[in-house]
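> please find the sequence and the predicted model below.
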Amino acid sequence: MNVNKRQEYRTLFKQNVERRLFVDKIVRLIVISCVIIAIIPLGSILIEVFKNGMAAISIEFLTEVPGSIGSGEGGIGPAIQGTLIVIGMASMIGVPIGVLSGIFLSEFGDNRLAKSVRFFNDVFMEFPSILLGIFAFLVIVLVLGHFSVWAGAFALALIMFPIVARTTEESLKMVPVTYREAGMALGLRHWVVTMRIVIAAAKNGMVTGVLLAVARIGGETAPLIMTILGSSLFFSNFDTPMDALPLRIWRLSLLPYDSAQMQGWGAALVLILIILAINIGVRTLILNKDDTYRFGRMIKEKIGGRK
Amino acid sequence: MTAMTTKPNTIETQISSQNIPTVEDKFKMIAENVTISYGDKPAVKDVTMKFKEKSVTALIGPSGCGKTTFLRCLNRMHDMTKNAKVEGKVMIDGIDLYSKEIDPIYHRRKVGMVFQKPNPFPTMSIFDNVTAGLRLNGVRDKKVLNEIVEDTLKMAYLWDEVKDDLKKPAVELSGGQQQRLCIARALAIQPEVLLMDEPASALDPIATQKIEETITELKKEFTIIIVTHNMQQAVRVSDYTGFMYLGNLVEFRETKKLFTDPKNDLTAKYVQGQFG
Amino acid sequence: MEKKLVVPHKQKINSDQIFKLGATIAGTFVLAVIVLMVFQLIFESYPIWEKEGLSFVIGTDWNAVEGRESFGALPYILGTLTTAALAMVIGVPLSIGIAMFVSDAPPRIGAPLGFLVELLAAVPSIIYGLWGLYVFREYFKDFIETPLHSAFGDSIWLFSGTPFGLDIFTASIILAIMIIPTVSSVAREVMKAVPQQQKEAAYMLGATKWEMFKLAIFPYSKTGLIGASILGLGRAVGETMAVTMLIGNATGASAIPSSLFKPSQTMSSIIANEFVEASPAGLHLPALIGVGLILLGIAVCINVVAHLLVTRMLKVKEGAINN
């Protein structure tokens, strides 16, 4: 058509490739420094917790009740015990509700009710956890008249169940439709197919979801303040205050003594070991299998970690 | 004909002797002994092709024969693919595309590419899509931009359909229009070579016809290399045709001759539709 | 004949209906909890609204002494918004940078790096607080706050006050670190969702990597990136423990954020600090619950917007240019 014109256009192009490549290099540098800046705090946290925590840890520290304030004696036995108890109880409430709710979303999830459930489930997952503490306080502590393990477990269960629901939904949806069809073709009822076949196939993903939810609530502090309150004694019954690791760390951090700081690091090390063990264990052992890969990415996305 | 039933390396000797166009022709692009592998698997094996200036060369072959892979290496599109390795030489105007001293950006300005699926930038308007490459090259003058947009959209046979709403988001166009927009976008950077990867595969017959008209028109100015699995299309638009099979270039000749008088059994079977 | 067919058919529906009913009840549990929670918060904070009215939201007094009770939540609302905004300003660009690197790096480097950054999310808030209090604060005070203060303290109000390390600045930085895993992992997924053809289109035009991001990735994933940031904002607003340990815990008018180096208080930190001591008989507890109600309102708004944006982005992803 007009070869000359095209030649003319070409002359209008700026000889700017050098400059653009330079800008590209600068951006690359900035991006890499972003990564480094983010890695520094993580490295520092892990190093400090391990370094300071190891110095505090001994058999007595892990098993004894706290000594008198500021003495630096005693340990975090009740806190470890309390964390395990409250996690266990929260799971007993939160997992069944979450799993059933996930079944609802995946098996009966094609209507407006389910769509709004899914949406509010996602929104609820992001609620500030301290509000769930207030809620548990209002409906349990205030009604019963005393702080209790029940209230703490209830608050943590509320944090847990939406996570379990979503991960259950995702893993059920990933079960190939042929599994369901095979079950249906045998004349089995829908619920039998779901409970026996679909859930069996999705077990891996569901266990992962539950474990990651456990890791999440294990570190929760705020909702425990107004529910289980904290204590210096070992667990006696469900209607009294109880200690937990995050609570103990907080109480220790409020004290001005070096010995309290030491003990705080020790408790932090125990807590971080529990949580990282669950996380790394789940992610390397379960999530790396191919069939759960997409699911794993989804979980990591959903459970960034509300604090 | 006789040598054809034997092993691949004899295929190649025959091919190189057949390599038309002849010496006095001007070659825009030359690919020499190109081997492309993903990991350990070679997808293109030792292919040598010369592309004459202002001609259309079609690459045909059954799917998986490596024709798209080969096309993409002519624009260094494998740089982004993990574990893809390109060996051999690709020359454009005598300069090696894969030389380490030169950033691929310099070449990509000379080589435009149109992909199998239309891929306009969805959030941009028609105008912005066409001018995206120009703005990268520092062309900001509104008048020039308008001129080039009109010019290239006309070349892509899209101007009449969109001239009144150039501000419209590109995604609102139909599939065929989007593909012609992508051609316009590739032409706007004033390339000298145009690579097309089955540009009509996702389109209806009318859009296909328009694209083919565009190609025939563009040939007057550009060196065009087109991958297609549609043999009729190759016959209609191309001057030269290369037939690829299992990563080998089996036969490369003038289109008419390749289809009427194939030198190779495989080619003959393929153009007669016996496999593919 | 017909009856025989109907009877087992009916049975089948019944047991499945029970199953469906059970699942539906569990599914709607979340709706019930939300409704009951909102109701409880309104009901239990009613006394404070009755006494203070609108001045509970715009007032700055905070006095729990019986007889002179007066409560205004404004300083804590401002404290929350300020720290969250600062955390966003610092955390979001870093997160986008990380997401750019991880989404574009070869998996050999990108995967373990993404994993490492995500471990930041698994670390409990209380441990960030502990680290902030005993480690970060000291460095930050000595190497960042004090120099800034001595250079600009007199001329720029932002840097006035006393650099003590327990203030808005420290709390905001810790918050920024804490939102990085959330924002960067969602941003990475959103960027990875951009089709390869889009990137190729940009490279074909001769774009550098950075220009490819500008041409292909950012416009395509804009909505999702904004959603990711707002999700981070939601986390920052609701975060309690680390902030409580680092913000200095001022109350009343002195908690109004007026410089980076001033102790302040957020909505969640005042609840954490005072909730257990507050007597249910007076107005203190209703006031704290009222603060909780405001926090809930803000958090819900932020999260609803974030989820709508991310959902819209995913719809765009499915619907775009595949015709």
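Cool, the structure landed.
> now do the SS call for B:Phe252.
strand (DSSP: H, G, I helix; E, B strand; the rest coil).
> dig out what it forms beta bridges with.
Taking DSSP bridges as the rule, B:Phe252 bridges to B:Gly242.
> neighbours of it, how many?
B:Phe252: 23 surrounding residues under other C-beta atoms under 10 Å in any protein chain shown. Heads up, the C-betas are built off the backbone N, CA and C, glycines and all.
> now the spatially closest residue to A:Phe137 that is not a sequence neighbour: how far from A:Ser129?
For A:Phe137, ignoring the flanking residues on the chain, the nearest one in space by C-beta to C-beta, 6 or more residues apart in numbering or on different chains is A:Met226 at 4.3 Å. A:Met226 sits 11 Å away from A:Ser129, going by C-beta to C-beta, to the nearest Å.
> so which residue is smack in the middle of the chain?
Because you didn't say which chain, this covers chain A. By C-alpha atoms, centre = their mean, chain A has its centre lying nearest to A:Arg216, at 2.7 Å.
> the intended chain is chain B.
Closest residue to the average C-alpha location of chain B: B:Leu195 at 2.5 Å, with C-alpha atoms, centre = their mean.
> checking that one next. Helix, strand or coil?
strand.
> what pLDDT, on average, does stretch A:78-90 get?
If you average the pLDDT over stretch A:78-90, you get 95.
> give me the number of neighbouring residues for the closest residue in space to C:Gly248 that isn't next to it in sequence.
Spatial nearest neighbour of C:Gly248, chain neighbours left out: C:Pro263 (2.4 Å); criterion: C-beta to C-beta, 6+ apart. By the criterion of other C-beta under 10 Å, C:Pro263 has 22 neighbours.
> please report the distance of C:Pro263 from B:Lys257.
87 Å.
> and what of A:Arg166?
A:Arg166 is 63 Å from B:Lys257, by C-beta to C-beta.
> ok, C:Phe275 next?
According to C-beta to C-beta, C:Phe275 and B:Lys257 sit 89 Å apart.
> who has more neighbours out of these two?
Higher neighbour count among C:Phe275 and B:Lys257: C:Phe275, with 21 against 15, using other C-beta under 10 Å.
> B:Asp103 - nearest residue in space that isn't next to it in sequence?
Using C-beta to C-beta, 6+ apart and skipping residues adjacent in sequence, the residue nearest B:Asp103 is A:Leu21, 6.1 Å away.
> right, I mislabeled it, should have said C:Gly161
Using C-beta to C-beta, 6+ apart, the closest residue to C:Gly161 is C:Phe261 (3.6 Å).
> hang on, isn't the residue nearest to the centre of chain A packed against A:Met160?
Yes: taking C-beta atoms under 8 Å as the definition, A:Arg216 is a contact partner of A:Met160 at 7.5 Å.
> distance from the longest helix along chain C to the middle of the chain?
Counting by DSSP state H, the longest helix found in chain C is helix C:2-52. Here helix C:2-52 is found 29 Å from its chain centre; the criterion is C-alpha atoms, centre = their mean, to the nearest Å.
> who are the packing partners of it?
The contact analysis (3 or more C-beta pairs under 8 Å, 6 or more residues apart in numbering or on different chains; DSSP states H and E) places helix C:2-52 against helix A:77-107, helix A:112-125, helix A:129-136, helix A:149-173, helix A:190-192, strand C:70-71, helix C:284-319.
> okay, the ones you listed in JSON lines with distance to C:Trp210 and mean neighbour count next?
Compiled in JSON lines, the helices and strands packed on helix C:2-52 are given as follows (distance: least, C-beta to C-beta, whole Å; neighbours: other C-beta atoms under 10 Å in any protein chain shown):
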{"stretch": "helix A:77-107", "distance to C:Trp210": "41", "mean neighbour count": "22"}
{"stretch": "helix A:112-125", "distance to C:Trp210": "33", "mean neighbour count": "18"}
{"stretch": "helix A:129-136", "distance to C:Trp210": "39", "mean neighbour count": "28"}
{"stretch": "helix A:149-173", "distance to C:Trp210": "35", "mean neighbour count": "27"}
{"stretch": "helix A:190-192", "distance to C:Trp210": "53", "mean neighbour count": "18"}
{"stretch": "strand C:70-71", "distance to C:Trp210": "52", "mean neighbour count": "20"}
{"stretch": "helix C:284-319", "distance to C:Trp210": "22", "mean neighbour count": "20"}
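> looking at the ones you listed, which is closest to chain B?
Closest to chain B of those is helix C:284-319 (C-beta to the nearest C-beta; 7.7 Å).
> no further queries at this time; thank you.
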